[in-house]
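I'll drop the sequence and a predicted model, then ask my questions.
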Protein chains: 4
Amino acid sequence: MTFNLRARLTAEFLGTAFLVAAVIGSGIMGERLAGGNVAIALLANTIATGAALVALILTFGPISGAHLNPAVTLADALERGIPWREAGAYMLVQCAGGLAGAIIVHLMFGLHWYSFSSHSRNGWALVLSEFIATFGLLSVIWGCSRLRSGTVPFAVASYITAAYWFTASTSFANPAVTIARSMSDTFAGIRPSDVPPFIVAQLAGALAATFLFRWVVPNLPLHAEEVLVPHPRA
Amino acid sequence: MTFNLRARLTAEFLGTAFLVAAVIGSGIMGERLAGGNVAIALLANTIATGAALVALILTFGPISGAHLNPAVTLADALERGIPWREAGAYMLVQCAGGLAGAIIVHLMFGLHWYSFSSHSRNGWALVLSEFIATFGLLSVIWGCSRLRSGTVPFAVASYITAAYWFTASTSFANPAVTIARSMSDTFAGIRPSDVPPFIVAQLAGALAATFLFRWVVPNLPLHAEEVLVPHPRA
Amino acid sequence: MTFNLRARLTAEFLGTAFLVAAVIGSGIMGERLAGGNVAIALLANTIATGAALVALILTFGPISGAHLNPAVTLADALERGIPWREAGAYMLVQCAGGLAGAIIVHLMFGLHWYSFSSHSRNGWALVLSEFIATFGLLSVIWGCSRLRSGTVPFAVASYITAAYWFTASTSFANPAVTIARSMSDTFAGIRPSDVPPFIVAQLAGALAATFLFRWVVPNLPLHAEEVLVPHPRA
Amino acid sequence: MTFNLRARLTAEFLGTAFLVAAVIGSGIMGERLAGGNVAIALLANTIATGAALVALILTFGPISGAHLNPAVTLADALERGIPWREAGAYMLVQCAGGLAGAIIVHLMFGLHWYSFSSHSRNGWALVLSEFIATFGLLSVIWGCSRLRSGTVPFAVASYITAAYWFTASTSFANPAVTIARSMSDTFAGIRPSDVPPFIVAQLAGALAATFLFRWVVPNLPLHAEEVLVPHPRA
């Protein structure tokens, strides 16, 4: 089944908004309740993010492909899974959705509707972390979506759950979410000036994985809905 | 396979009773053992609730649709998935089952069989949280059940696991459970006077998502068992 | 595919041994590392037990049905899923496997190979807890196995994960595991004199659920391998 | 679909590298944040490792079988699932991938690119633990892959999640990962001189399970891709 572009953009907007709400909101809640133990706060943040990804990709996958991430949309466009024109629209609504999610979550927690983060995240180690994190994310997506698309929601959620802990940057791996997190001076925030190197590293990691898997799992160029969406029979 | 109404109401009663027992019971156990660290208590509460939802929706889904929630039944009736007359019966047994679950769990933990909660949960931030929480829950249900019904148990459980942390209210999102929780002066309780605005917000959120998805994923009016029940082939 | 009785008994022996090892071993490890926070120890115990159940039921389910629990075998025999004669053999090797698992785990942790538990678990609240815990377990098994057998491993593991927290007894729900736990003076232990009322309550709960589901989901008497085993197509 | 050897070796290299990164990286992050509570650090380590296994086996399973473990490759070669010549190549790239993963993770966390571990792990209790851990791992693989291959990623990840807690050695169960962990003086490290008995125990456990399951689930010698790979239809 193919959905019209307006429905698909609505799905990308809602999905990214809920994803950002899950990331920022669980960070706020975790930090408030954890009594200073950062590992417990991050554990809550991890579980909430992983669980949200399962729910959101299952919900919006059949509609829009549930990219929820400009790096994924870029990679998909490179592989001709989505026309460039639509890819641009996807990326725009992903960024807008992310900001909407940040605003909503601030209101839910009784905070001012936005606040620039002062959480410093810089240095080569973190930039390398974002490269690896997004390289891994796209490897998982290309590996699963080309050969076993029904498993994508679980594979992506599991990957991010792990990557929160095995990368030094806690694995943002998503330009739209990174931008939204710069607007939140909370646990999950990132100082606006640290955003550009994160995004560059994310896009580089996404491209590297895409070119690698073009060679490892070739000749399976599928239409976007079929590539990235767990099939209905699953 | 269609079950007669009595079997389906039994399923809704048992399912909601176990759901409330999981929510309240794990809150009691978590608070008793966590030594004052609220994040750890909420983590236990979250994991128990999410796991209970997987088990209960898998168990009772094929029988009654495993609504276990008047907001879900209301939305389903609006979409003509269940006749209004049966919907009323569903909601009644859900509320009764929730109270039965609260009583049983108090007895298991050696407490008086009921106690009105003194846990204050009020203010616009929490009401907004309940609107968002239930809007998201119904989005997940409509998105998955119309396109990939076998994934509903995992999507709903994952969504609630995340929403416990990303909403300021810890995501009650269920009028029957909210009422039952007002009868328990424990970790998961809610002061009876705070219940009405929670329920109004939950129903408003459910309606908003239902109308939105009527537009996003239209023309798939299915019979209740097929809409909300993960199909047996999954 | 039907396996001969010897292969099936081997599966029940190994499966119950690993289940008991997971329960007792993770209790020892959790208590040693948690620095006195019982909630964290129980969280580790819960996650290890739930994960072990997923792995063990997936592994041994297609061979023996992966009962791993005399209460399940009794219920299955009542429903004519397994001949009484084989049921007796199943129960014996489950108990033997449980004891073997306890011994192995003590050796792995450098303890004496057995030790009678001094962990007192008595009183009506705990007996009620065991009744409810096993009633719920068999409800999940009958609900899923009759209508959607491929989901049993996930439903059972999720149920037990939740029940560890929502029952006051931490949900033993298994006579063979209860006996084995009485031989371990560690976190998961139970004083031998408290075992009999636990087992009576477990069997009563199993019978109650079996009779209830005979009415709710009738006329589906299947052969044991088909009833309790997630089918290979899943 | 059969992939050429170069693509399969690439998959084994990448998969093992990410697996080691997950194990070591989450150990570093967990220890840094947990404020001295080892149970919380190990919980983070466990969740990250289990989640990584789900993602990696789903991603690389259809390509190379996702052994990611010389003990698995050895067992598969014994059962004629993979030619000995290819098995040797698999084992080499697994070890190389593991070392690459260790190096990358050290760089991400701003550490020197390698450091010999001083973490002592010796004694018969730990050697027994590794025997049991790997015996269980191969039991899960043979049980699931021969009868229900689509469940392998979830069964293996669940098994390792449990085994981190129920064995005294935290269940390395993988020679390539063991070697890589000896090059990391961090939470997950192991003193190089303790590596040989671990590997011997792991191989012995793998062989014992393989011979046992040759008898329990016989006459199903399948080609490697079919044996160990969750099938695409799942």
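It's in.

When you work out contacts or count neighbours from here on, use the C-alpha atoms and nothing else.
OK.

what about chain A, any weak spots by pLDDT?
Applying pLDDT under 70 to chain A picks out residues A:1, A:219-234.

now the helices for chain A?
According to DSSP state H, chain A carries its helices in the segments A:5-33, A:38-64, A:70-78, A:84-108, A:124-147, A:152-166, A:175-181, A:195-216, A:224-228.

would you turn these into JSON lines with distance to residue D:40 and mean neighbour count?
Below are the helices of chain A laid out as JSON lines (distance: least, Cα to Cα, whole Å; neighbours: other Cα atoms under 10 Å in any protein chain shown):
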{"stretch": "helix A:5-33", "distance to residue D:40": "15", "mean neighbour count": "25"}
{"stretch": "helix A:38-64", "distance to residue D:40": "7", "mean neighbour count": "28"}
{"stretch": "helix A:70-78", "distance to residue D:40": "33", "mean neighbour count": "23"}
{"stretch": "helix A:84-108", "distance to residue D:40": "28", "mean neighbour count": "22"}
{"stretch": "helix A:124-147", "distance to residue D:40": "23", "mean neighbour count": "25"}
{"stretch": "helix A:152-166", "distance to residue D:40": "13", "mean neighbour count": "29"}
{"stretch": "helix A:175-181", "distance to residue D:40": "26", "mean neighbour count": "27"}
{"stretch": "helix A:195-216", "distance to residue D:40": "29", "mean neighbour count": "20"}
{"stretch": "helix A:224-228", "distance to residue D:40": "35", "mean neighbour count": "22"}
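
Dump the ones you listed into CSV; add distance to residue D:167 as well.
Supplementary listing: these in CSV, determined by distance: least, Cα to Cα, whole Å:
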stretch, distance to residue D:167
helix A:5-33, 30
helix A:38-64, 23
helix A:70-78, 39
helix A:84-108, 42
helix A:124-147, 30
helix A:152-166, 22
helix A:175-181, 39
helix A:195-216, 36
helix A:224-228, 39
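
how about the residues of chain A near chain B?
A:7, A:10, A:21-30, A:33-35, A:40-41, A:44-45, A:47-52, A:54-56, A:58-60, A:62, A:105, A:107-110, A:232-234 (Cα under 8 Å from any Cα of the partner chain).

Could you list which of those also contact chain C?
Restricting the residues of chain A next to chain B to contacts with chain C (Cα under 8 Å from any Cα) yields no residues.

residue farthest from the centroid of chain A?
residue A:35 (28.2 Å; Cα atoms, centre = their mean).

unless I'm mixing things up, that residue is touching residue B:37, no?
Yes - if you go by Cα atoms under 8 Å, residue A:35 and residue B:37 touch, sitting 6.6 Å apart.

picking that back up, of all the helices of chain A, which lies closest to residue B:187?
helix A:5-33 (13.7 Å; Cα to Cα).

Can you list the helices and strands that the closest one packs against?
Packing partners of helix A:5-33 (3 or more Cα pairs under 8 Å, 6 or more residues apart in numbering or on different chains; DSSP states H and E): helix A:38-64, helix A:84-108, helix A:175-181, helix B:38-64, helix B:152-166.

would you turn the ones you listed into a markdown table with distance to chain D?
A markdown table is the format used below for those (distance: least, Cα to the nearest Cα, whole Å):
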| stretch | distance to chain D |
| --- | --- |
| helix A:38-64 | 5 |
| helix A:84-108 | 24 |
| helix A:175-181 | 19 |
| helix B:38-64 | 10 |
| helix B:152-166 | 14 |
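
Which of these sits closest to residue C:135?
Nearest to residue C:135 among those is helix B:38-64 (13.0 Å), distances taken as Cα to Cα.

How about that closest one and chain A, any contact?
Yes - using Cα under 8 Å from any Cα, we find that helix B:38-64 touches chain A at B:38, B:39, B:40, B:43.

what inclination does that helix have with respect to helix B:5-33?
Calculated by axes from the mean of the first three to the mean of the last three Cα atoms, to 10 degrees, helix B:38-64 forms an angle of 170 degrees with helix B:5-33.

so how far is helix B:38-64 off the chain centroid?
Using Cα atoms, centre = their mean, to the nearest Å, we find the averaged C-alpha position of helix B:38-64 to lie 10 Å away from the chain's own average C-alpha position.
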